[in-house]
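> Sequence and predicted structure are below.
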Amino acid sequence: MKKPNYKKELIMLPLLLISIAMCIGGHFILQPSYQDNHWAEYSLAALPFLMFAVVIIAIKLAIKADKEE
């Protein structure tokens, strides 16, 4: 059994924090005080695509870390 390499797992931690910040930011923009702003609508529309990009980056990092083992 191989010893786990925690350094490779810690590389993904910033991606997790970015994803959490996007979720919290999206809920913050959904407040009624921002309903009339056009930038809020566009930001909320782009949020799923940004999260999908973070997932793709995480998958690429995981594949790279798996190949190095």
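Done, it's in.
> And the residue nearest the centre of the chain?
Taking Cα atoms, centre = their mean, the centroid of the chain lies closest to residue 19, which sits 2.9 Å from it.
> Report the buried residues of whichever strand or helix holds residue 43.
Assessed by DSSP states H and E, residue 43 sits inside helix 38-68. By 16 or more other Cβ atoms under 10 Å, the buried positions in helix 38-68 come out as 40, 43. C-beta: built from backbone N, CA, C; applies to glycine.
> For the remainder of this discussion, apply numbering that starts at 738.
Renumbered: residue one is now 738, and that last one reads helix 775-805.
> if you average pLDDT over it, what comes out?
The pLDDT scores in helix 775-805 average 90.
> can you list the residues that contact stretch 777-790?
756, 759, 762, 763, 766, 767, 771 (Cβ atoms under 8 Å, 6 or more residues apart in numbering).
> closest to residue 746 among those residues?
Comparing those against residue 746 with Cβ to Cβ places residue 756 closest, at 15.5 Å.
> export stretch 797-806 as CSV, just CAs?
Extracted C-alpha coordinates of stretch 797-806, given in CSV (Å, rounded to 0.1, in the frame of the first residue of the first chain):
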residue,chain,number,x,y,z
LYS,A,797,-6.6,18.0,-15.2
LEU,A,798,-4.6,18.5,-12.0
ALA,A,799,-5.9,15.1,-10.7
ILE,A,800,-5.0,13.3,-13.9
LYS,A,801,-1.5,14.9,-13.8
ALA,A,802,-1.0,13.9,-10.2
ASP,A,803,-2.1,10.4,-11.0
LYS,A,804,0.3,10.0,-13.9
GLU,A,805,3.2,11.2,-11.7
GLU,A,806,2.6,8.4,-9.3
